[in-house]
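> A structural model of the following input is requested.
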Amino acid sequence: MAVEPDNILLQHMRRFDEKLDRVVDEMLDVKVRSTAVEEGLAGINRRLDRLEMRVERIERRLDLVDHPR
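The predicted structure is shown next:
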């Protein structure tokens, strides 16, 4: 019995499925990396907030800012 070749449509669908799997994997990687960037940015923002508070405190102690009336 001779083995018949797969239907051309099935071949294309299999290739499409493989490519779609790769895209899904890459998107998961992008999500993980995006989360890491967001967490890093949040950390930087927290440090900047603390720095701002420290600078304001220094300015008040050195009397470099106007006092509220």
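> give me the most central residue, this protein.
The centroid of the chain falls nearest to residue 34 when counting by Cα atoms, centre = their mean (1.0 Å).
> now the helices for this structure?
Ranges of helices in the chain, per DSSP state H, are 8-61.
> where are the low-confidence patches of this structure?
The chain contains residues with pLDDT under 70 at 1-5, 67-69.
> give me phi/psi at residue 7?
phi -60, psi 140 (degrees, to the nearest 10).
> gap between it and residue 21?
For residue 7, the distance to residue 21 equals 21 Å [Cβ to Cβ, to the nearest Å]. Using the backbone N, CA and C atoms, a C-beta is placed for each residue, glycine as well.
> likewise residue 46?
38 Å.
> same check on residue 62?
As judged by Cβ to Cβ, residue 62 and residue 21 stand 62 Å apart.
> what of residue 6?
As defined by Cβ to Cβ, residue 6 lies at a distance of 19 Å from residue 21.
> can you check residue 45 too?
Applying Cβ to Cβ, the value for residue 45 to residue 21 is 37 Å.
> what does residue 50 give?
Per Cβ to Cβ, residue 50 is found 45 Å from residue 21.
> now swap in residue 66 and tell me
63 Å.
> who has more neighbours out of the two?
Counting neighbours by other Cβ atoms under 10 Å for residue 66 and for residue 21 shows that residue 21 has the greater number, 10 against 6.
> what's near enough to touch the more buried one?
Not one residue lies near residue 21 by Cβ atoms under 8 Å, 6 or more residues apart in numbering.
> how far does stretch 15-25 sit from its chain's centre?
Taking Cα atoms, centre = their mean, to the nearest Å, one finds the center of stretch 15-25 at 22 Å from the center of the full chain.
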